[in-house]
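Novice: Quick one, fold the following:
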Amino acid sequence: MSDASDGFASAYTAALVKHLATQSEASLEVAADLGRRALAEDVSILEIVEQHVRIVSELAAEQGPHQSRATQEAALPFLLQTLTPLHVTSRGFADGTRSYRRQLSRADALAELDAAKTRFFQNVSHEFRTPLTLLLGPLTDLLADPEATIPVAYQAGLEEAQRAGRRLEVLVDALLDIARAESGALEVDPEPTDLAELTADVVSMFRSTVENAGLRLLVAVPPLPQPVLVDRERWVEIVSNLLSNAVKFTPSGTISLALRAAGEQVELEVADTGIGIPADQLEDVFARFHQVPDVSDQFEGAGIGLSLVRDLVRAHDGEIGVRSSVGEGSTFTVTIPMRTGVADARPLSAPAAMAVVAPKTGAAAVVQFPAAKGVQGSVLVVEDNPDLRNYVARLLHSDGWEVHAVPDVETALEQAPRMHPDVVLSDIMLPGRSGLDLLRTIRAADNLHRLPVILLTARATAESTVEGFNSGADDYIVKPFDRNELLARVRIHVELARLREYALSQAENAVANLRAALATNRQIGAAIGVIMATEKLTDEQAFERLRAVSQRTHRKLRDLAEDVLYTGRLDI
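Specialist: Residues are numbered from 1 along each chain as shown. From the prediction side, this is the model:
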C-alpha cells in the first residue's frame, strides 16, 4: 500500500478482526463505510484485496486447516461489502475479485500442505512409539529386576540408554501434541486440582537437577483459596518445560518459581538469571521450531518446548508472556482462569512424566580414565552432554586409551597443554565457544597446531562437513555413530599423526646434517685458502697437503681446518 493508504489499512485491519469475532450486520455496515472511505481517498481495489489477504493469511497461520478455511470464508463477505461502493461493475473490481480468488486458492493449497505436515508428524510420532516401547520395556524391566545380575561395566551404560530413551519419548510426545495443536485437536481434560500441591511436586522433581548444576532454586507456592480446573498431565508439561528451559539456559545463578492467585486468575511465574533473549527475538520465542540465532549453535533443542507450552496454556483459556534482558535472564508468566468444579480435588499421584529430567549440560565437568595396560595413547574428549561424554570416555578406555573428557572449550584448552593428548575428539555444538572455535585455537597454537582433531556432530549436511574440514579438522563423525567406526578412526588418525611426526623428525635431522655438512665444507674451503696463500700452492695442491696431514695424524679434515683457521698455518 502507498503511504497515503496507511490510515485506511489500519482501519480495515481493526474492522475485519472485529467482524471475524462478531460476524454481525453492524460489522458489515462498517465494511460499506470503509468502501466509501476508500473511494474518497482513492485507495485502489487491488490494494484493498492485498491488504485483506495479508490479514487473513496471518490469522490463518495460527490455526489448523479447518479453522483457517472457516476464517477465510467468514472474511469474504466483509471484503465484498467493502468493495461494493467502488463501482462493482468496473474492471478493477473484477480484477480484484479474481486476484482474491487466486490468493484464496493459494491459501487452500498452503492449508492442505499444512494438513499433510500435521499428518506426517502424527504418523511419525506413532511409528516411533512402537520401537521405543520395545526398547524401553525390556530395558526398564532389566534395571528394575533385583535378581538381575548386570556387570558393573554395563550398568552405567544401560542407565544412560534408559535416560536417553525417556528423553526421546518426551520429544515424540511433544511432536504428537504439536500435530494435534496444528489440526485443532489438542484437548485437555480439566478436573478440580490442588494446583499449589501439584506445582510443588513437579518442582521437587527438579531440585536435584538444579542443585547438581550449581544453581539455586527459589520456590514460592502458597496454598490457593480453592481447587483449580486444570488438566493435571498438561499442567505438569507446562511447568516442567519452563523449568527445563530455565536450567538449560542458566549457566549460573538462580531459578525461581512462584504460583499465586491474582483476582479471578492464577499466575505462574518462572524466572532465571540466565543468558536472556534479545529484544528482537521476543515476538518469535513461542513460534513453532523457532530458535534464537547463535544460541541454537550452543544448546541442543528442537524449538518446540515453548511453542507447546503456549498451545497447552491456550487450551486452558490462558495466556503466556515473557520478559527478558540479554545477560540478565528471562521471566515467563502463565495466567489461567481460576475456575473450579463441583467435585473436590482428588488426591494427587506422583507426576510420572517428571521422572525423566535431562541432566544439566556440562554436569560432572571432567571425567578421567587413567592409562590402561598396553595403552594406545591419550584422547581429549570435549562433549557437553554428560551421558554421551561418559559413554565415549568408557568406550575409548575399554579400547586401551587414556581419556580426559571435559564439557567445554575453556576446560579443553586448559587440559590440552598439560596432558599433550594424541588426538582431540570434540562435539561442535558446545556451550559458550563452539568446537570449531576450539579447532581454530588449536591450529593457531605453536605447541598444539599439529594435534589431530576429530569433530563429532549431529549435523549431517554437506555444508557442515565442508565447514569443519575448511577449519582444519582431520575427520568428521556424524551422530549416531558406530562404536567400531569411532574407535577405528581414532586409531587411524593417531597412527597417521605419529607417522607424520616421524617423517618430520627425519626431515629435520636431514636438514640439520646438511647444514652441518655445509658448515664443514665452508670451514675446509677457508682453510685451503689459507694454505694456498701461505705456501704458494694451487687449490688442488693445498687440498692434497691437508688430506695427507689428516691421514698421517689420524685427525679429521674438519679439525685440521679449524686449527689452520685459528693459527693461520698448517702444522706438520
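Novice: so the nearest residue to H19 once chain neighbours are set aside, which of the three states?
Specialist: Once flanking residues are discounted, H19 sits nearest to S27: 3.8 Å by C-beta to C-beta, 6 or more residues apart in numbering. The way it works is simple: take the backbone N, C-alpha and C, and place the C-beta from them, glycine included. Assigned with DSSP: H, G, I helix; E, B strand; the rest coil, S27 falls in the helix class.
Novice: Please apply the same query to L229.
Specialist: Going by three-state DSSP: L229 is strand.
Novice: Now do whichever strand or helix holds A533: distance to the chain's middle.
Specialist: Taking DSSP states H and E as the criterion, A533 maps to helix 483-535. Helix 483-535 sits 47 Å away from the centroid of its parent chain (C-alpha atoms, centre = their mean, to the nearest Å).
Novice: elements contacting that helix?
Specialist: Where contact means 3 or more C-beta pairs under 8 Å, 6 or more residues apart in numbering; DSSP states H and E, helix 483-535 is packed against helix 386-398, strand 423-427, strand 453-457, strand 475-478, helix 539-553, helix 557-567.
Novice: The host helix or strand of L198 vs helix 386-398, what angle?
Specialist: Taking DSSP H and E as the definition, L198 sits inside helix 195-212. Interaxial angle of helix 195-212 relative to helix 386-398 (axes from the mean of the first three to the mean of the last three C-alpha atoms, to 10 degrees): 30 degrees.
Novice: who does the helix or strand following helix 195-212 pair up with?
Specialist: With elements assigned by DSSP H and E, the helix or strand that comes after helix 195-212 is strand 215-220. Strand 215-220 pairs in its sheet with strand 253-262 (parallel), by DSSP bridges.
Novice: Determine the set of other helices and strands touching the helix holding L198.
Specialist: Using 3+ C-beta pairs under 8 Å, 6+ apart as the test, helix 195-212 ends up in contact with strand 215-220, strand 228-230, helix 232-248, strand 253-262.
Novice: how does it look with 10 Å?
Specialist: strand 215-220, strand 228-230, helix 232-248, strand 253-262, strand 265-272 (3 or more C-beta pairs under 10 Å, 6 or more residues apart in numbering; DSSP states H and E).
Novice: per-residue confidence averaged over that helix?
Specialist: Averaging pLDDT along helix 195-212 yields 87.
Novice: How far does it sit from its chain's centre?
Specialist: Distance, centroid of helix 195-212 to centroid of chain: 25 Å (C-alpha atoms, centre = their mean).
Novice: V210: how many residues sit nearby?
Specialist: 20 (other C-beta atoms under 10 Å).
Novice: coming back round to it: most packed of the helices and strands packed on helix 483-535?
Specialist: A comparison of these by mean neighbour count, using mean count of other C-beta atoms under 10 Å, puts strand 423-427 on top with a mean of 25.
Novice: other SSEs contacting that one?
Specialist: strand 377-382, helix 386-398, strand 401-406, helix 409-419, helix 435-444, strand 453-457, strand 475-478, helix 483-535.
Novice: mind listing what the first one pairs with, with the direction of each?
Specialist: Right, the one you point to is strand 377-382. Assessed with DSSP bridges, strand 377-382 is paired to strand 401-406 (parallel), strand 423-427 (parallel).
Novice: Which among those strands is found nearest to I275?
Specialist: Proximity to I275 (C-beta to C-beta) singles out strand 423-427 among the strands paired with strand 377-382, at 19.0 Å.
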